[in-house]
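Asker: Sequence and predicted model, in that order:
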Amino acid sequence: MVDIAVVGAGTMGAGIAQSAALGGLSTVMLDVQENALARGRETMERDLERRVERGRLSEDERRGALDLVSTTTSLEACADAPLVVEAVIEDLEVKRRVFADLEAVVGGETVLATNTSSLSVAGIAAATERPERVVGMHFFNPVPAMCLVEIVSGPSTDPSAARRAEEVAERLGKTPIRVSDTPGFIVNRVARPFYLEALRLVEEGVEPGRIDAAIRGAGFRMGPLELADLIGHDVNLAVSESLFERYYYQPRFRPSHLQRSMVEAGLLGRKSGRGFYDYGAEKQEEVGEVAEHVALRVICCVVNEAYLALSEGVATAEDIDKAMKLGANYPRGPFEWAEEIGVQSILRMLDSLRDAYGEAYIAAPSLRAAGRSGA
Ligand code: NAD
């Protein structure tokens, strides 16, 4: 009898299995490839070893956690798990097949969770006979270090399945946040203007170094362009393209031509040696004067996206704030920024951008209402 099964032993699966074992759950990790299982286990061993070296874990706890994880290539090993978390590649057809196959081996009460970032829980659940037991458990990378889990309820998800997923996330020492099944959930959606607005500013001729410095000056750990360099522009662009498509081409999600041509040119960021910055250079270029309005513009767009998500019932304001701080390391949540900056100032910024550039900057109805009520 295992407490949890994790399907897929890649970056995310291995991290989820490790967190489960650290939470004291007996865990089976499954993959179609033996070498993926071996790699997953190695990653886990290295991370646990580092924790011991740093004094965060005792030797007994390390050994105890490793003893709780078994690996397999056989789906039957999931049969008696009350919760299965799927973390296979981001491909709808592959995931649908995994869910249909899982349903054939697990018990009637088993909750099936998906770690998808960009697909809908509804689309995956539709491959099963009992979509009410399917829920999203969206973990963040690196799983052992990141506290947030977005618990995603699709239109068919039974509240008891979401509750079960929430309880297990807590058992893993994570903070679960409820979110509805909408593209990008909270974090990937509300963080999108952080990158897109910065890219637009570069397209308008603002130096990347000035933008990053301004954002750091506002309290963020990293500016959006250096962060996109770190993530990889190919990965970052793929997220933008997916959201743009899934939001039916709403102009505020329009990906950046500049970023696309950087990807085409192989300027992927740190991993290719160059993106907005040259990582082979001895010394980074000096940054000109920092422009505070640049940070304000980016933050206003993030705040607007958060209000749009709120208007659409994606999550509560409090949960959106919490999710952005835990999942994206923001120094404040968007609603806390709104309070700090003032709703009227944000509306003024958005209205002047809308007058200059069009509908991508239309203020969220709930933000407009907050402006009217003086909240
Ligand atoms: P990955 O490529 O590192 O790992 C995927 C693993 O799934 C591989 O080991 C592969 O062998 C295995 N696999 C493929 N088909 C399988 C099947 N039918 N049965 C069992 N195993 C199978 O991918 P990842 O980065 O760990 O991402 C996994 C999921 O998590 C994706 O849905 C992704 O969108 C999501 N996610 C990723 C991140 C991230 O930053 N990497 C963050 C949040 C969510």
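Answerer: Arrived safely, thanks for sending. Numbering: from 1, shown residues only.

Asker: contacts and neighbour counts: CA atoms only from here.
Answerer: Fine.

Asker: quick one: contacts for the nearest residue to residue 31 once chain neighbours are set aside?
Answerer: Distance criterion Cα to Cα, 6 or more residues apart in numbering; nearest residue to residue 31, sequence neighbours excluded, is residue 8 at 4.8 Å. By Cα atoms under 8 Å, 6 or more residues apart in numbering, the contact list for residue 8 reads 14, 29-32, 86-89.

Asker: Narrow those to just the buried residues.
Answerer: 14, 29-31, 86-88 (16 or more other Cα atoms under 10 Å).

Asker: Quickly check: whichever strand or helix holds residue 37 near the ligand or not.
Answerer: With secondary structure defined by DSSP states H and E, residue 37 is part of helix 34-53. Yes: contact between helix 34-53 and the ligand, assessed by Cα under 6 Å from any ligand atom, occurs at residue 36.

Asker: Next, the buried residues of stretch 331-347.
Answerer: In stretch 331-347, residues buried by neighbour count (16+ other Cα under 10 Å) are 332-335, 337-338, 343-344, 346-347.

Asker: Now intersect these with the helices, please.
Answerer: For these, the ones inside helices are 334-335, 337-338, 343-344, 346-347, with DSSP state H as the criterion.

Asker: Throw those into TSV and include distance to the ligand and pLDDT, thanks.
Answerer: Listed next are those as TSV, based on distance: Cα to the nearest ligand atom, whole Å; pLDDT from 0 to 100:
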residue	distance to the ligand	pLDDT
334	21	98
335	24	98
337	26	97
338	28	97
343	32	97
344	35	97
346	31	98
347	33	98
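
Asker: number of nearby residues for residue 35?
Answerer: The number of residues packed near residue 35 is 11, by other Cα atoms under 10 Å.

Asker: For this structure, which segments count as strands?
Answerer: Shown for the chain, the strands assigned by DSSP state E span residues 4-7, 27-30, 69-72, 83-86, 111-114, 134-139, 148-153, 175-180.

Asker: Residue numbers of the stretch 51-200 of the chain in contact with the ligand?
Answerer: So the stretch 51-200 of the chain meets the ligand at 87-90, 94, 98, 115-117, 138-141 (Cα under 6 Å from any ligand atom).

Asker: can you do 8 Å?
Answerer: Residues of the stretch 51-200 of the chain lying close to the ligand (Cα under 8 Å from any ligand atom) are 73, 86-91, 94-95, 97-98, 114-119, 138-142.

Asker: and these, which are buried?
Answerer: In those, burial by neighbour count holds for 86-88, 95, 98, 114-119, 138-140, counting by 16+ other Cα under 10 Å.

Asker: From residue 232, how far off is the spatially closest residue to residue 234 that is not a sequence neighbour?
Answerer: Excluding its sequence neighbours, the residue lying closest to residue 234 (Cα to Cα, 6+ apart) is residue 263, at 5.8 Å. From residue 263 across to residue 232, the span is 9 Å (Cα to Cα, to the nearest Å).

Asker: Enumerate every residue touching the nearest residue to residue 218 once chain neighbours are set aside.
Answerer: Closest residue to residue 218 apart from its sequence neighbours, by Cα to Cα, 6+ apart: residue 295 at 6.8 Å. With contact set as Cα under 8 Å, 6+ apart, residue 295 has these partners: 211, 214-215, 218.

Asker: Chain neighbours aside, what residue packs nearest to residue 251?
Answerer: Using Cα to Cα, 6+ apart and skipping the chain neighbours, the partner closest in space to residue 251 is residue 360 (5.0 Å).

Asker: what's residue 177 in contact with, if anything?
Answerer: 148-151, 166, 319, 323.

Asker: ok, now with 6 Å
Answerer: 150-151 (Cα atoms under 6 Å, 6 or more residues apart in numbering).
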